[in-house]
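A.B. asks: Got a sequence here, can you build the structure:
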Amino acid sequence: MNALKSYRYLFFIALFLCSVSINSQSKKQQQLEAKRQELRKEISQLNTLLFKGKEEQKSVVTNVENLDYKVSVLKNLISITNQQANLLTREINDNQKQITNLRDKLKLLKEEYAAMIVKSYKSKSEQSKVMFLLSSANFQQAYKRLQYIKQYADYQKKQGEEIKLQTAKLQALNTDLLSQKKDKQKLIEENRQTKQELENELKQQEIIVASIKQDLSKYTSQIRTKQKEVDKIDKQIEKIIRDAIAKSNRKAGKSSNSKTFALTPEQKQLAASFTANKGKLPWPVKEGIVKVRYGTRPSPIDRTVKIKSNGVRIVTNKGETVRAVFEGEVLNVMTPKNGNKAIMIKHGNYITIYKNLSKIYVSKGDKVNTKQEIGEVITNKASGEAVLSFVIYKDSKTQNPAHWIYKL
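C.D. replies: Predicted coordinates for the structure are as follows:
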């Protein structure tokens, strides 16, 4: 009887650990699959937004930048699918071990059950049913003995059936996992081939660049000039923010040298609400991909040249409308002579900036709501791309938009 209790205990422990392992791994698998689908969607979008118009004669700089970006996305996709395949392999191995353990336990339980039946039969052959009852202290004890044997046998039978059922479930799961692994391996191979194709195309671009190596300084100059234009607009934005901070402090009777906004109770509440939505803010456009991320990185044309981005640059559809990511007040509308239009919206002590616009739908001082359309992205005539530059400030310091915008 003690042996049966031990088997029962070990059975439920094994079943519990199996369930925990499968649930944990399945959750990880779901997370990887969600990430893989996001990357596949991003590749589909960049094919539409960056590579759709091959008839358009884009500059060498633009072509190399686009290919460099696409290759990086594909590498991420391949990495994710490799992780999925590896996880599936571990799941299959773990489940096979569980099946082996359950089979071993089933075998032991069957042997124990068979031994019990034999023992019961021998006991019955040695003495009659009447003698078995008379050996009891009383009738109630004899009845309990019979019931115990019956329940004991029923329990063994149910345990055996339950183990068979769980084994069948695990075998079915392994069949599914093997099928998934085959699908993932196929996907990995497809991605590897696509990556090779892109690398070949990138090499062709490198050949073109090498063939005009004597003019490489011209392209480097173009990159530097473009960065200077961006820096110039960024400095104008920083000045507008400094002036706005100083004005808020003067109005509140505080030092105008402060680097943070002096907020009214209403503005504090708005800022707190903006903070509470960190990571959940909507995209400033309905559809797009992040071509340039926050921070400083080397140019794919000339690695000695650094490209600085105070925010993110989102490639979107031509003529795409821009929307406010949160409620607030239009702090400023910029219309520089040698630059594209920009809108600055204040949310307490936070400011969101939308640059590279062709049309403006709001004016300085206007109150705006979340997802309200505020303008339209301009399409670059040289590259044929519509790129929105989106920036977030907290007081006088830039923030990484990827930390604030949902799945950016």
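A.B. asks: any idea how far residue 245 is from the residue lying closest to residue 251 once chain neighbours are set aside?
C.D. replies: The spatially closest residue to residue 251, leaving aside those adjacent along the chain, is residue 262, at 7.1 Å (CB to CB, 6 or more residues apart in numbering). Backbone N, C-alpha and C define where each C-beta goes, glycine included. When distance is defined by CB to CB, to the nearest Å, residue 262 is 8 Å away from residue 245.
A.B. asks: Next up, the contacts around residue 247.
C.D. replies: Counting by CB atoms under 8 Å, 6 or more residues apart in numbering, residue 247 touches residue 256.
A.B. asks: In which helix or strand does it reside?
C.D. replies: Per DSSP states H and E: residue 247 is located in helix 216-251.
A.B. asks: Show me what the helix or strand just after that helix is packed against.
C.D. replies: Downstream of helix 216-251, the next assigned helix or strand under DSSP H and E is helix 265-276. Counting contacts by 3 or more CB pairs under 8 Å, 6 or more residues apart in numbering; DSSP states H and E, helix 265-276 packs against strand 341-347, strand 350-360.
A.B. asks: what's the spacing between helix 265-276 and its chain's center?
C.D. replies: Averaged C-alpha coordinates place helix 265-276 at 28 Å from its chain's average position (CA atoms, centre = their mean, to the nearest Å).
A.B. asks: And for stretch 172-187?
C.D. replies: Taking mean C-alpha positions (CA atoms, centre = their mean), stretch 172-187 and its chain are 22 Å apart.
A.B. asks: buried stuff in stretch 234-244?
C.D. replies: 234, 237, 240-241, 244 (16 or more other CB atoms under 10 Å).
A.B. asks: out of these, which one sits closest to residue 197?
C.D. replies: When those are compared for distance to residue 197 (CB to CB), residue 234 wins out at 37.2 Å.
A.B. asks: What are the boundaries of the helices in this structure?
C.D. replies: 2-49, 60-126, 129-134, 139-211, 216-251, 265-276 (DSSP state H).
A.B. asks: hmm, back to that, with mean neighbour count, distance to residue 250 and mean pLDDT as extra columns, can I get the helices and strands packed on helix 265-276 in JSON lines?
C.D. replies: Shown next, in JSON lines, are those (neighbours: other CB atoms under 10 Å; distance: least, CB to CB, whole Å; pLDDT from 0 to 100):
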{"stretch": "strand 341-347", "mean neighbour count": "23", "distance to residue 250": "16", "mean pLDDT": "96"}
{"stretch": "strand 350-360", "mean neighbour count": "22", "distance to residue 250": "18", "mean pLDDT": "95"}
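A.B. asks: TSV for these, including distance to residue 194?
C.D. replies: Shown next, in TSV, are the helices and strands packed on helix 265-276 (distance: least, CB to CB, whole Å):
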stretch	distance to residue 194
strand 341-347	37
strand 350-360	30
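A.B. asks: now for these, which one comes closest to residue 303?
C.D. replies: Set against residue 303 and scored by CB to CB, the helices and strands packed on helix 265-276 come closest in strand 350-360, at 25.6 Å.
A.B. asks: Other residues contacting the closest one?
C.D. replies: Here strand 350-360 makes contact (CB under 8 Å, 6+ apart) with 233, 237, 241, 271, 274-275, 284, 311, 322, 324-326, 328, 331, 333, 335, 340-345, 374-379, 387-394, 399.
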